[in-house]
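[1] Take this sequence and fold it.
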Amino acid sequence: MKFDIQQIKKFIIGGGSATLLHYSTMALLIFIGIKPLYATTIGAFFGAVLNYILQYHYTFESDKSHLHAIISYSISVSFGFFANSLLFALLYDKIQINLIVSQLITTAIITIFNYIIYKHIVFKPKESH
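    You can find the predicted model right below:
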């Protein structure tokens, strides 16, 4: 497997921006009294919208139609939402790891999964004939 360092940097910048939105939304919601599990799920939704825009245009410079990319992305994000919520609940509620550490571990695992799926499925360039 060949690693494209520039693409990975762009992925981290785009994903980092989306994660910043996720975390700030989560923090705001927790501050106003929303339970952490709900707050991270809502934050992840807003982060996912921003992430699609940045990954499609900036990181992968995709030539797929938005219809096809959004369908693949939606499936990937749906799995990611489920995995994010499940992993966070396991770490925070069941194992009782600190809130911030639980979210950081969850984010790291979901990030690795996302890069692989986005590169090879969601934003994969059209095959040249």
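
[2] hmm, who's touching stretch 4-21?
    The contact list for stretch 4-21 (C-beta atoms under 8 Å, 6 or more residues apart in numbering) reads 43, 46-48, 50-51, 54-55, 58-60, 107, 111, 114-115, 118-119. Where you see a C-beta, it was placed from the backbone N, CA and C, and this is true even at glycine.

[3] how about residue 63, secondary structure?
    coil (DSSP: H, G, I helix; E, B strand; the rest coil).

[4] got a pLDDT number for it?
    pLDDT for residue 63: 91.

[5] Only the buried subset of the contacts of stretch 4-21, as a PyMOL command please.
    Buried residues within these, by 16 or more other C-beta atoms under 10 Å, are selected in PyMOL with:
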select buried, resi 43+47+48+50+51+54+55+59+60+107+111+114+115+118+119
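
[6] Out of the contacts of stretch 4-21, which sit inside strands?
    Of these, none are assigned to strands by DSSP state E.

[7] so where's the chain uncertain?
    1-2, 127-129 (pLDDT under 70).

[8] Scan it for its longest helix.
    helix 5-31 (DSSP state H).

[9] what sits against residue 36?
    26, 30, 88, 92, 99.

[10] Surely the second one touches residue 37?
    No. Using C-beta atoms under 8 Å, residue 30 is not in contact with residue 37, being 10.3 Å away.

[11] The contacts of stretch 4-21 in helices, which ones?
    43, 46-48, 50-51, 54, 107, 111, 114-115.
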